[in-house]
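K.L.:
model the structure of this input:
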Amino acid sequence: MTFSFSGKNPLPAQPRITVPLEVYYFDTDAGGVVHNIAYLRMVEIARSHLAAALGWSLEEMNRTGLVPVVARTEIDYLKPARLGDHLVVTAELTRLEKVRFFLRFEITSATQPDLIFVRCTQTMVPVQLPGGRPQRVPAAWHDTYPELIAP
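P.N.:
Okay, here's the model as predicted:
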């Protein structure tokens, strides 16, 4: 099955979004410091919002069975966020290949934008369910963001 956009909205000029989040109790340890796995949940939230902004909503994934699968995650924990902190997660599509695409994330303080808690990059592969076969990156992304196509 090929990827098709069911949405009516055109793709954004820049494949980038920001998502505000707050650190909740369940994100932290007994000392009020964010668990490393909680950052990955925050990245997942931002990735889902970015996918939707790029025409690949959860509804589209459910309808077509084509889903983005994480092939690799690299994450740098730079500073600890704490209970009650207000954060901003920036997610950006950075590179396109035939069957892979690359995302970059940064988790910063909402009140001190220069305060960076986490940097993360992910390699993603579109996969057709239920078989799990890799598929091509959406052609609309190649058409809209030719500057991101890997040489």
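K.L.:
where does the protein have low pLDDT?
P.N.:
1-9 (pLDDT under 70).
K.L.:
ok, which stretches of it are strands?
P.N.:
16-22, 66-77, 86-96, 101-109, 116-128, 133-134 (DSSP state E).
K.L.:
wait, which of those is closest to residue 44?
P.N.:
Residue 44 lies closest, by CB to CB, to one member of those: strand 66-77, at 8.8 Å. Any C-beta I mention is one placed from the backbone N, CA and C, and that applies to glycine too.
K.L.:
pairing partners for the closest one, with directions?
P.N.:
Sheet pairing of strand 66-77 (DSSP bridges) gives strand 116-128 (antiparallel).
K.L.:
check which residues of the strand it pairs with are buried.
P.N.:
Within strand 116-128, the residues that count as buried by 16 or more other CB atoms under 10 Å are 117-118, 120-128.
K.L.:
in the longest helix anywhere in the chain, which residues are buried?
P.N.:
Longest helix in the chain by number of residues (criterion: DSSP state H): helix 36-53. Counting neighbours by 16+ other CB under 10 Å, one finds that the buried residues in helix 36-53 are 38-40, 42-43, 46-53.
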